[in-house]
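In: would you be able to build a 3D model of this:
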Amino acid sequence: MSHNHSHNHSHSHTDLKGRNLFISILLNIVITVAQVIGGLISGSLALLSDALHNFSDVVSLIISYIAEKLSKRKASFQKTFGYKRAEILAAFINAATLMIVAVLLIIEAVERFQNPQEIESNLVIWLSVIAILGNGFSVLLLKKDSEANMNMKSAYLHLLTDMMASIAVLIGGLLMKYYQLYWVDSVLTFIIALYLIWMGFDLLKNSTKVLMLFTPESTPINKIVEEINAFNSIKNVHHVHIWQLNEEEIHLEAHIDFNEDITLSQFDTILQDIEALLFSKYDINHVNIQPEFGKDDVKDVIVQD
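Out: Residues are numbered from 1 along each chain as shown. Here you go, the predicted model:
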C-alpha cells in the first residue's frame, strides 16, 4: 500500500479564495435586501425572482465558504480523509438549489403571465443596474478559481446566472417603462428559470458522480489494467476500484497476482514503478495495491464487494 499526493495550491491562494468568497457574500446580502424591498414596492415579479435567486446565492456562497474552510482541516482517527469531500458536497447542494429555485420561478412566472400587473419600472431599472455591478464584480473575483474547483464553480455559476438575470430584468424594466409591456416581466422570469436549469444540471451531474464514487470519465480502466499487466512479474490485475475523492485526488485500489513469491523489497520496487506510471499518464495520485501469490479468489477486473 502506498500513496502519492500532488497539491499545487498554496495556503496564500486558499486564503485569497476564502476572502473573495466572503466579499461576494457581503455584496449579495446587500443586493438581496435591496431587491426584496424594491420588488415589493414596484410589484415586479422578475425583480423578486432575481432577489430569490440572489438569496440562494447568499446561501450557496456561505455553504461554499464553510466548505472551503472545512476542506483545509486535517485528518483524524474519526475522519481519516478529513473534510476533503466538503467542497464536492457544497457543489452538489448549490446545484440542487439552482434547480429548485428554477422550478419555483417557472410556477410563479406562469401564474403572473396569466394576470400581468402594472409595475414601477424606474425602481426596477436602477436596482437591476446595482445588481449587475455587484454580481459582475463577484464574478470577476471567483472566475479564476472556478476553472479548477467544483465548489468555486458552483458559487461562480450562481453569481454568473444572477448577473444574467439582472441584465434580463434591466431589459424588462426598459421595455415596461417605454412600451408598457408588463407581460415581459413574466416572460423574462421564465427564461431566467430555464437558464438556471441548464446551468445547474451539468454541475449537479458531475458532483453526483464524485459523491457516488464513479470512475472519472477520463480514466480508462481497461487500458490501465493492460499497462499494469504488461509488467513481467505480474500475472493478473483484478478487483479494481478507481474513484475521485475530490478535485485534486484520484484513488486506485487493486489486487495484483504475482508470478513468483517475491520479497517485500521487490514488491516495493514494482509498486514505485506502477505509481509513477499511473501518476504520469492518468493523474492517479493515491495507489493502494494488495499483492497476492496463488490466492484462490475471483480474478475479474471489476468485483462487486
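In: contacts only, for I41.
Out: In this structure, I41 makes contact with E120, L123, judged by CB atoms under 8 Å, 6 or more residues apart in numbering. Every residue, glycine included, has its C-beta placed from N, CA and C.
In: any idea of the pLDDT on it?
Out: Looking at I41, its pLDDT is 85.
In: where does this structure dip in pLDDT?
Out: Applying pLDDT under 70 to the chain flags the ranges 1-17, 46, 53, 117-118.
In: where along the stretch 201-305 of the chain do the helices fall?
Out: Ranges of helices within the stretch 201-305 of the chain are 221-229, 264-282, based on DSSP state H, counting those that start in this stretch.
In: and of these, who's closest to N135?
Out: helix 264-282 (38.1 Å; CB to CB).
In: name the helices or strands packed onto that closest one?
Out: Contacts defined by 3 or more CB pairs under 8 Å, 6 or more residues apart in numbering; DSSP states H and E place helix 264-282 against helix 221-229, strand 250-258, strand 286-292.
In: in it, what's buried?
Out: For helix 264-282, burial by neighbour count (16 or more other CB atoms under 10 Å) applies to I270, L271, I274, E275, L277, L278, F279, Y282.
In: and what of stretch 35-42?
Out: For stretch 35-42, the neighbour count (16+ other CB under 10 Å) marks Q35, V36, G38, G39, S42 as buried.
In: report the distance from it to the chain centre.
Out: Here stretch 35-42 is found 31 Å from its chain centre; the criterion is CA atoms, centre = their mean, to the nearest Å.
In: partner strands of the lengthiest strand in the chain and their direction?
Out: Longest strand of the chain, by residue count under DSSP state E: strand 234-244. Within its sheet, strand 234-244 is paired with strand 250-258 (antiparallel), according to DSSP bridges.
In: contact partners of the strand it pairs with?
Out: Contacts for strand 250-258 (CB under 8 Å, 6+ apart): 216, 219, 224, 228, 233-245, 267, 278, 282-295, 297, 299.
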